[in-house]
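Undergrad: quick one: sequence and predicted model below, then my questions.
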Amino acid sequence: MAVTESRFELDRRASMRRSVTGGVLRTTLLAGLTLIFVYPVSMIVLGAFRDGLPSENLPFTIDGLLAAFTVPETWKTLSNSVVLVVVCGTISVAGGGLFAWIAANTNVPGRRLLTPIMVINLFVPPLFHTLGWIMLGNAQNGLLNQLGRALGTHGPLINIQGWGGLILLTSLGYMPFAYLLLLGAFKNRDSSLDEAAAISGAGTVRTFFTVTVPSVGPAITGAALLIAVLVFQSFDGPQLIGRQAGIYVFSTQIYRYVRDEAPAEYTKAFALSLVLIVLVLLLFLAQRWLLRGRTFTTLTGKTSRRDPQELGRLRWVLSALIVVVVLLNFILPLFAMALGSLQPIFGVTSTGLTLDNYVTMLTDPQFSSSLALTAWLAVIGGFGSISIALLTTYVTARRRGFLRGYTSFAVWIPWALPGVVLGLAYMFAVLYIPAFRGLYGSAFLMTLVLIVATIPVSSRIAEGALAQLSPELEEAGRMSGASAGRVLVTIVLRLVIPSFLAGWFLSALFISGNLAVPMLLAPPGLEPVSLTAFQQFLTGEMSRGAALFMIILIAAFAVLALAALSVKLGGRLLGRTDRPANPLSQITH
């Protein structure tokens, strides 16, 4: 009897300890989410009613906010942004959907190369893509225009710095996102629907638009929503291309108000930020309204057929289209960047090719420190991003109630805000509290904002990794007496290590190419590669800027190759005969 009571008392104390520990962990998580995500963004609302820095102790007023909506440039910025979102979003989703259909449902030659190519394009930082096209298509010394002049043409063949160039690069840049978002939906379709339409007399084009596209309607609207948000957030292309032609969108106009105006017009910047948030919310509501009451079931209990659709001669036209997009989206800008990095003076072919730019980048203290800083930011920031993404995704997938809803809301915030707006919000957040003001102008603040800005990317991999884990594994751990934290570390984390490493690598790449956050928050003397390369291009040293980015790309793909080799050798040493799933494939589902 005494033994039974003693065991009961031990169980009761263990239960109390787990309850107290769980309460502490929940409170810590909620406090962390509030401090890192919610509080800084609340500064957007506060800043809209206060024309100045928080440290200046200015009174609150609505005059600045009202004045921001009376100037014509606000409405011009709004119209430019809407045009860019509608046109580029339509092209990106249409192109991505077409290529996803080609890869998943047709017999087009070369279709199996689409997914690897799109994933590689996803790895390449947007700034690299934009600078590569500037080297190809600027009117003065772009490589394509030099070729045109050599062939005897008068005037430039192409001028990338205008509406046409901005739409082209933005559409191409976000097409891989649309492709990877839609690929899973097209793969899961029942091809017998298309065969039924063909038997009824419908041609390939009519079947595609009346049967295929409607059957993946939810996936298309979801992809369109995400692409629209991403285009609203875009900064690199509009800053490097649109601004030269006098085209300002939300992100570049906000940056202009904060950095180019003297004194800085913070109220106008925050007013535009509020408009952007409202537009993103309207996009989410519009998607729910469009899909209300509709059913899109294409997979049932019956056997589904997924045979490739025969396209006849049309398949060769689509193969040529694949080649064109690969050239425009990857090969041409990579060629321009590689060739430019080997030229002493970009565009001057008579000087020959040399590795002097690479030697300068690796030996000059300024540039070598920029490379070292970028490496540290990528490693630390990538680890922080995937760690937070894994934790928050686990909470939203495995918990219920207020904790789940609040976590989902907090992590959603980075999706809705451009990097410039995030940087501005965090700048005001640390200046508003005297104890935090020492963080202003520090590398810590820049790293934190880079982590937050990259969480939407790492969350995608974390969601796919956790979706493959059965909750029964965690329930078994808890039934054995393990706490929630121990289950997370010893069971969940061990099983998702491949995806964790993939997310770390991908987040590191995005951080190394992020331009918006460093332009606003980089401390003097601590400039990452993206900002250093941008400054080199502004000062006409395009070859040095190209060499910087080539070093980053070569290092990134070297790390990826070593990681793949390590996995392969590790599998052989352990005697594994089964082939592990590629964690990067989570992006495609």
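TA: Perfect, thanks for sending it.

Undergrad: where along the protein do the strands fall?
TA: Taking DSSP state E as the test, none of the chain falls into strands.

Undergrad: next, name the residue at the spatial heart of it.
TA: Centroid-nearest residue in the chain, with C-alpha atoms, centre = their mean: Val457, separated by 5.0 Å.

Undergrad: how near is it to Val85?
TA: 20 Å (C-beta to C-beta, to the nearest Å). C-beta: built from backbone N, CA, C; applies to glycine.

Undergrad: same check, this time on Arg313
TA: 36 Å.

Undergrad: neighbour count: these two, which is higher?
TA: Taking other C-beta atoms under 10 Å, Arg313 and Val85 do not tie; Val85 has more neighbours (23 against 6).

Undergrad: name all residues that make contact with the more buried one.
TA: For Val85, the contacting residues are Ala228, Val231, Phe232, by C-beta atoms under 8 Å, 6 or more residues apart in numbering.

Undergrad: in TSV, list those along with neighbour count, pLDDT and distance to Met361.
TA: Conversion of the contacts of Val85 to TSV gives the following (neighbours: other C-beta atoms under 10 Å; pLDDT from 0 to 100; distance: C-beta to C-beta, whole Å):
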residue	neighbour count	pLDDT	distance to Met361
Ala228	25	84	37
Val231	24	87	32
Phe232	23	83	34
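
Undergrad: re the thing from before, now the residue nearest to the centre of the chain: how far from Leu122?
TA: Distance from Val457 to Leu122, by C-beta to C-beta: 9 Å.

Undergrad: list residues touching both of these two?
TA: Leu506.

Undergrad: one step back: just the contacts of Val85 now: which is nearest Ile36?
TA: Minimum distance to Ile36 across the contacts of Val85 is 22.4 Å, recorded for Phe232 (C-beta to C-beta).

Undergrad: was I right to think that closest one contacts Pro418?
TA: Yes. The pair Phe232 / Pro418 is scored as a contact, 7.1 Å apart, by C-beta atoms under 8 Å.

Undergrad: joint contacts of these two?
TA: Here Phe232 and Pro418 share the contacting residues Phe250, Ser251, Leu276, scored by C-beta under 8 Å, 6+ apart.

Undergrad: the second one: neighbour count?
TA: Put plainly, it is Ser251. 28.

Undergrad: so how far is Gly525 from it?
TA: Distance from Ser251 to Gly525, by C-beta to C-beta: 25 Å.

Undergrad: one more: the first one?
TA: Spatial separation of Phe250 from Gly525 under the definition C-beta to C-beta is 30 Å.

Undergrad: then Gly401?
TA: Distance from Gly401 to Gly525, by C-beta to C-beta: 47 Å.

Undergrad: neighbours around Trp316, how many?
TA: Per other C-beta under 10 Å, the neighbour tally for Trp316 reads 12.

Undergrad: pretty sure it contacts Pro109?
TA: Yes. With contact defined as C-beta under 8 Å, Trp316 reaches Pro109; the gap is 7.4 Å.

Undergrad: what ranges does the stretch 301-450 of the chain have for its helices?
TA: Listed in chain order, the helices of the stretch 301-450 of the chain (DSSP state H, counting those that start in this stretch) span 314-326, 332-341, 356-363, 365-398, 402-416, 419-432, 443-467.

Undergrad: next one: the closest residue to Ile322 other than its chain neighbours, what pLDDT does it get?
TA: Distances taken as C-beta to C-beta, 6 or more residues apart in numbering put Gly110 closest to Ile322, at 5.2 Å, once the chain neighbours are dropped. Looking at Gly110, its pLDDT is 84.

Undergrad: wait, Gly110 sits on Ala320?
TA: No. Contact criterion C-beta under 8 Å: Gly110 and Ala320 do not qualify, at 9.5 Å.

Undergrad: and those two? Which one has more around it.
TA: The neighbour comparison of Gly110 against Ala320 (other C-beta under 10 Å) goes to Gly110, with 17 against 11.

Undergrad: any regions of the stretch 301-450 of the chain where pLDDT drops low?
TA: Within the stretch 301-450 of the chain, the segments meeting pLDDT under 70 span 301-309, 347, 349-350.

Undergrad: cutoff 50 now
TA: Along the stretch 301-450 of the chain, segments meeting pLDDT under 50 span 301-304.

Undergrad: can you pull the contacts of the nearest residue to Gly148 once chain neighbours are set aside?
TA: Distance criterion C-beta to C-beta, 6+ apart; nearest residue to Gly148, sequence neighbours excluded, is Leu157 at 3.8 Å. Contacts for Leu157 were tallied using C-beta under 8 Å, 6+ apart; they are Leu144, Asn145, Leu147, Gly148.

Undergrad: need the per-residue pLDDT for the first one.
TA: The one in question is Leu144. pLDDT, Leu144: 83.

Undergrad: ok, now the last one?
TA: According to the predicted model, the pLDDT of Gly148 comes to 82.

Undergrad: what is the burial count for it?
TA: Neighbour number of Gly148 under other C-beta under 10 Å is 16.

Undergrad: isn't it right up against Pro156?
TA: Yes. If you go by C-beta under 8 Å, Gly148 and Pro156 touch, sitting 6.9 Å apart.

Undergrad: chain neighbours aside, what residue packs nearest to Val249?
TA: Ser81 (4.4 Å).

Undergrad: quick one: that neighbour from Leu281, how far?
TA: Noted for Ser81: a distance of 15 Å to Leu281, by C-beta to C-beta.

Undergrad: ok, those two, which is more surrounded?
TA: For the pair Ser81 and Leu281, the greater number of neighbours falls to Ser81 (24 against 11), based on other C-beta under 10 Å.

Undergrad: relative to Pro176, how far out is the more buried one?
TA: Noted for Ser81: a distance of 22 Å to Pro176, by C-beta to C-beta.

Undergrad: ok, now Gly184?
TA: Taken as C-beta to C-beta, the span from Gly184 to Pro176 is 14 Å.
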